[in-house]
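Novice: I would like to see how this sequence folds:
(chains A and B)
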Amino acid sequence: MNQFQYVRPTKPQAAIDAVAKDANARFIAGGTNLVDLMKRGVMTPQKLVDINRLDFRKIEREGNTLRIGALALNSTVANDRQVRERHPLLALALNAGASPQLRNMATVGGNMLQRTRCAYFYDITMPCNKRQPGSGCGALEGINRMHAIFGFSDKCIAVHPSDMSVALVALDATVQVSGPKGNRSIPFADFHRLPGDTPEKDTNLEPGELITAVDLPDSPFTKHVHYQKVRERASYAFALLSVAAALDIDNGTIRAARLAMGGVAHKPWRLTAAEQALVGKPATEATFQQAAAVAMQGAKAFKYNEYKLRLGPNAIVQALKTAAAV
Amino acid sequence: MNAPEKKIGKPMNRVDGRQKVTGAAKYSAEYELPNMAYAVLVGSTIAKGRLTGLDTKAAERAPGVLAVITHLNAPKAPGIKPAGKDPSQPQTVGSALQVLVDDNIRFNDQPIAVVVADTLERARFAARLVQARYAAEKHLTNLEAAKPNAFLPTQAKKNPKSPTADYQRGQVDAYKTGALKLEAEYVIPTEVHHPMELQSITAHWEAPDRLTLYDKTQGTMATRRDFARQWGLPEANVKVIATFVGGAFGNALHSWPHESAAIIAAKVVNRPVKLMLTREQMFTMVGYRPHTWQKIGMSATADGKITAITHESIGQTSTYEEFTESTLGQTKMMYQSPNLTTRYRLAALDIGSPIWMRGPGEATGAFALESAMDEMAHLLNLDPLEFRMRNYTEQDPEKDRPWSSKFLKECYQAGAQRIGWNKRQLKPGALRDGEWLVGYGMGVGTFGAHRGSSKASAQLLPNGTVLLQSAVTDIGPGTGTAMTQIAADTLGLAPEKIRFEWGNSDFAQAPTQGGSAIVNTVGPAVQEACLALKDKLRELAAASNGAFATAKKEDITFTDNHLTLAGNPAARAAYADLVKQAGGTAVTVESKPSGEGQKYSMYSFSVHFAEVRVHELTGEVRVSKLVSCADAGTIVNEKTAGNQMKGGAVGGIGMALMEHAIIDDRFGRYVTKDLADYHVPVHADAPAVEVYFVNQPDPHVNALGTKGIGEIATIGVAPAIANAVFNATGKRVRELPITPDKLV
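Specialist: Numbering: from 1, shown residues only, chains lettered A, B, ... in the order given. Take a look at the predicted model:
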């Protein structure tokens, strides 16, 4: 690890200033990902701005919105009564991620800002456009069994590793940020980026912008929800692929639906067309299979992740079946 | 006075349990010596070629750095010979890699420099500043590509009786003309050792010709021999301490480059040097279970008698060392096949040398053999247990002689009953539990009941404690506890009055811990040392009390502060007096195997039964129940032995379902570099493992009746799971691990 400066401001503006004015400065909260990346030389910030003393830990309801502070711990959110009652899909996704020890350190903002787990990104001797723009994509012709089937480019086929974010994009969350130019809101679906020609940019945050909270609007998805995570061991593994499913069912008919996938794209992948295919239909396996087929339209596999084309629709069907309890 | 309760067989708690759970147990990286320095290795970033330049200036200038050592400035150890034949390695040809001796790069992440600093953090920082330039050559890291050049191991070329030589009974490849036959290829990937404790060493030159190593090793004496030879020192000048070893599984059966590097570094800076590998370096700088391709041809009669088996294997080795293991051993002796052919070959890759990993080659071979048995049973429409019973061997078909003991049938019965084998359906895919398909499978394991020579020393201390010493290590199975129990029974003394010390090369000679042979080998030495001690004490006591002169050994009784005789409480000899009398009571004995090994085939046997659930849509596999049954002779400690069986079974789950080190052949580098990418089972993957021991003493291996447990705990588990997956789904996965992508 390189040497770095460490500051611990108590006011948001001081934190924002510290990062906005220094291209080599980074925020740090739980540090569960950044510290690993620093140990491997993947990220080499010269200054760490510890934001743990900022007052962004609260989970509170304002009107029809649940506001979750960016520094709320993953474990706190997953166990929060309001979250469990009003947004159980989020609690399920959080508990599917990492391990209890990590969830006790990791924050909501940090979870969203995790870097990809692509092996080529992590090994500084290998090519990776995300780590070193212009060096090439190691995964494109390499070991790509964990990689994207949607929204990739020839510059990057990495996937976003967060489970929590898959639930948040399904639940129409909004990200609150503060920056040098003031505050703004970003719809969750617009927060993460596709790689395009600039895979080094994971999100649409501007330099110095700090996530302060995530807002969740009230929704009818309080009962028929499921987070289906397919992984190679029973716990503590990144998803081969995951599905967040939420249904509002009235008398056997689907009134509204939310569907998103993880482990398939550079960002949590919302499946709006498949959601439309569910609405107004009976909550049956046949309906779910039709929606899964719609969801997989446009998917394209590489040498080692062809299985995701079969696993994807299966996992969607399973998630919807469990959510609907049919 | 009543005879003390027998300790052998009892589930006695570990003698070092309290030290381990309270953190008092000191592992090799936990020794703090005065003036200690810290070393960090820099690895190559190419897989093959030469170093053409090394820029170490920035690293040398970094704060706290004491030395940056490369092949250009490293002191040459006098015993290092250029790569070639090394008589100290009878199992291998070529030498273990010598580090910092030349500019050759033989695998990716090969150590090319060692940075020594006053703190670990400073050493780590400076290590990143070392810049290397290379002339890369075309490397080969792909087994499939190397297979056409596979070769017979040199040991087999020299000796047609070598276990790795081609073996034949009956007709060659007779399965090809069999009425009912199968032919299938099986692959296991490279599996990497990841014991909890990382490889670590603290090297201390106490004088220019005296070296002490606090080292993670399975053999204090083997490590002493290797480094005494390397530095041209008498063995007595090298001391190796490995009191606690945090899991090893074969990983510390060999001397590795980092150990040499630490010793060189300690020489250069003239301070004790500590070096611990990182988790990433555990993939590359130490050995692993080799990637192995196998092919089995088998034929059988319609009534389920095997008529022929051909088993071929090509295993990965390095370019500088021939690593061999007994992949085909089980096939030669497990089933009564009149025609049997085996061919063992190696393929050299530009990757560091493999090493034995629990169960070693037998576990690899059993995956193929026991999967093929299941496939053949399916072809025959026979229950796989019944198929095995029809081919059961009452004597060794390989050596044509009796077993020293074999209770595998009893294991079959006990296991089948415990797993609920009667629920198994012949037709795959017939059982389900909701969206989970349920299946049952079995796999058999065997491993030689090896026994070597060993010494042990024993002495009575003035306080009435008996001190036993052995150079053997305890890598986790509970060796120290088992030896204490054996001594307690032999002496008729409470375990609390016995102190067994181990893990120090200065203690009585003992073999390296491995190959399930330690209780078989060191157990008798401890037993005999205790008997010799009793003799000596009787002689000493007889000098002052005639009653002892004619006493029988069994009558000698230990009390709180004196020796006495059963039935003659008047005969007393105070411990303090006995010890004073002769200036100590120490005895050292050597215990050697009898000639029985020539007359009998000695093996431990196991069978594992698995119940698995496979998700019909996602292909996820969960092992819901495992039953492991063993014929391992006398069980010295039911608790630690059960613990070994459970650990071995969980290792088998990893092998079956998740362990897979993947190399990107373009770079010759692993893309699985940590425990997030390289999966081992977590608690949620490990069901309760039910263990059953036949617990019948073997009459021939040794006087204790033991046969060994460590390997058979793992051998046969992976095929049991693979066979259960087939039974659940009808899908036969012949390439491990069985991940969801292979089942959807």
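Novice: average pLDDT for stretch B:272-284, rounded please.
Specialist: The pLDDT scores in stretch B:272-284 average 97.
Novice: start and end of that stretch, how far apart?
Specialist: Terminal residues of stretch B:272-284 lie 25 Å apart, using Cα to Cα, to the nearest Å.
Novice: count of neighbours near residue 280?
Specialist: You didn't pick a chain, so chain A it is. As a burial measure, A:G280 scores 12 neighbours (other Cβ atoms under 10 Å in any protein chain shown). Every residue, glycine included, has its C-beta placed from N, CA and C.
Novice: hmm, no, I was thinking of chain B.
Specialist: Neighbour tally, B:E280, other Cβ under 10 Å: 17.
Novice: ok, now which ones touch the nearest residue to it once chain neighbours are set aside?
Specialist: Excluding the flanking residues, the one nearest B:E280 by Cβ to Cβ, 6 or more residues apart in numbering or on different chains is B:K673, at 5.0 Å. Shown in contact with B:K673 (Cβ atoms under 8 Å, 6 or more residues apart in numbering or on different chains): A:119, A:122-123, B:280, B:283.
Novice: quick check: the farthest pair among those residues?
Specialist: A:Y122 and B:F283 (13.0 Å; Cβ to Cβ).
Novice: those two: who's more crowded?
Specialist: Between A:Y122 and B:F283, B:F283 has the larger neighbour count (other Cβ under 10 Å), namely 27 against 23.
Novice: got a list of what the more buried one touches?
Specialist: Going by Cβ under 8 Å, 6+ apart, the list of residues near B:F283 reads B:109, B:192, B:661, B:670, B:672-673, B:678.
Novice: for the residues you listed, which one is nearest B:A96?
Specialist: B:A96 lies nearest to B:D109 out of these, by Cβ to Cβ, at 16.4 Å.
Novice: how close does the closest one sit to B:D664?
Specialist: Distance from B:D109 to B:D664, counting by Cβ to Cβ, to the nearest Å: 13 Å.
Novice: between these two, point out the one with more neighbours.
Specialist: Legend: neighbour count by other Cβ under 10 Å for B:D109 and B:D664, higher for B:D109 (25 against 19).
Novice: would you confirm that that one contacts B:T284?
Specialist: Yes. Counting by Cβ atoms under 8 Å, B:D109 touches B:T284, with 3.7 Å between them.
Novice: quick one: least confident of the contacts of B:F283?
Specialist: For these, the minimum pLDDT belongs to B:K673; the value there is 91.
Novice: assign a three-state SS to that residue, would you?
Specialist: Recorded secondary structure, B:K673: coil (DSSP: H, G, I helix; E, B strand; the rest coil).
Novice: and B:F447, by the same measure?
Specialist: strand.
Novice: same thing with A:T44?
Specialist: Classification of A:T44 by three-state DSSP places it in coil.
Novice: now it: closest residue in space, sequence neighbours ignored.
Specialist: In space, A:T44 is closest to A:N2, 5.2 Å off (Cβ to Cβ, 6+ apart).
Novice: that neighbour - how many residues pack around it?
Specialist: A:N2: 13 neighbours (other Cβ under 10 Å).
Novice: ok, it - contacts?
Specialist: Contacts of A:N2 by Cβ under 8 Å, 6+ apart are A:38, A:41, A:44, A:46, B:125, B:128.
Novice: now do the buried residues in stretch B:673-681.
Specialist: The neighbour-count check on stretch B:673-681 (16 or more other Cβ atoms under 10 Å in any protein chain shown) flags B:673-674, B:677-681 as buried.
Novice: swap in stretch B:718-737?
Specialist: By 16+ other Cβ under 10 Å, the buried positions in stretch B:718-737 come out as B:718-729, B:731, B:733-734, B:736-737.
Novice: can you check stretch A:67-83 too?
Specialist: If you call a residue buried by 16+ other Cβ under 10 Å, then stretch A:67-83 has these buried ones: A:67-78, A:80, A:83.
Novice: tell me the one of those nearest A:L247?
Specialist: A:V83 (18.7 Å).
Novice: quick one: the closest one and A:V77 touch, right?
Specialist: Yes. Applying Cβ under 8 Å, one finds A:V83 in contact with A:V77, separated by 5.6 Å.
Novice: shared neighbours of these two, which are they?
Specialist: In contact with both A:V83 and A:V77: A:59, A:68, A:90-91, using Cβ under 8 Å, 6+ apart.
Novice: ok, the residue nearest to B:P78 when sequence neighbours are not counted - contacts?
Specialist: The shortest distance from B:P78 to any non-neighbouring residue, by Cβ to Cβ, 6+ apart, is to B:G232 (3.9 Å). Going by Cβ under 8 Å, 6+ apart, B:G232 touches B:77-79.
Novice: what kind of secondary structure is the residue in the stretch 151-300 of chain A that chain B sits nearest to in?
Specialist: In the stretch 151-300 of chain A, the residue that lies nearest chain B is A:A234 (3.6 Å; Cβ to the nearest Cβ). Of the three states, A:A234 takes coil according to three-state DSSP.
Novice: which parts of the stretch 1-150 of chain A sit against chain B?
Specialist: A:1-3, A:41, A:117, A:119-120, A:122-123, A:125-126, A:138, A:141-143, A:145 (Cβ under 8 Å from any Cβ of the partner chain).
Novice: just the buried ones from those, in PyMOL syntax?
Specialist: Selecting only the buried entries of these in PyMOL, with 16+ other Cβ under 10 Å as the criterion:
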select buried, chain A and resi 117+119+120+122+123+126+138+142+143+145
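Novice: what touches both of B:D109 and B:T284?
Specialist: Residues touching both B:D109 and B:T284 by Cβ under 8 Å, 6+ apart: B:G43.
Novice: now the host helix or strand of B:G647: buried residues?
Specialist: Assigned by DSSP states H and E, B:G647 belongs to helix B:638-657. Buried residues in helix B:638-657, defined by neighbour count with 16+ other Cβ under 10 Å: B:640-657.
Novice: what are the ranges of the strands in the stretch 251-400 of chain B?
Specialist: In the stretch 251-400 of chain B, the strands defined using DSSP state E, counting those that start in this stretch lie at B:273-276, B:288-289, B:292-300, B:306-318, B:339-349, B:395-396.
Novice: deepest of the ones you listed, which one?
Specialist: With neighbours defined as mean count of other Cβ atoms under 10 Å in any protein chain shown, those peak in mean count at strand B:288-289, which reaches a mean of 28.
Novice: count the neighbours of A:V243 for me.
Specialist: By other Cβ under 10 Å, 34 other residues sit near A:V243.
Novice: okay, the residue nearest to it when sequence neighbours are not counted: pLDDT?
Specialist: Nearest residue to A:V243, sequence neighbours excluded (Cβ to Cβ, 6+ apart): A:A319, at 3.9 Å. Note on A:A319: pLDDT of 98.
Novice: quick check: residues of the stretch 301-450 of chain B near chain A?
Specialist: Counting by Cβ under 8 Å from any Cβ, the residues of the stretch 301-450 of chain B close to chain A are B:E435.
Novice: ok, now chain B?
Specialist: Counting by Cβ under 8 Å from any Cβ, the positions of chain B adjacent to chain A are B:45, B:121, B:124-125, B:128, B:435, B:615, B:617-620, B:622, B:657-658, B:662, B:664, B:666-667, B:669, B:671-673, B:676-677, B:679, B:681-685, B:737, B:739-742, B:744.
Novice: same thing but at 6 Å, please
Specialist: Contacts of chain B with chain A, taken as Cβ under 6 Å from any Cβ of the partner chain, map to B:45, B:617-618, B:658, B:662, B:664, B:671, B:679, B:682, B:684-685, B:739-741, B:744.
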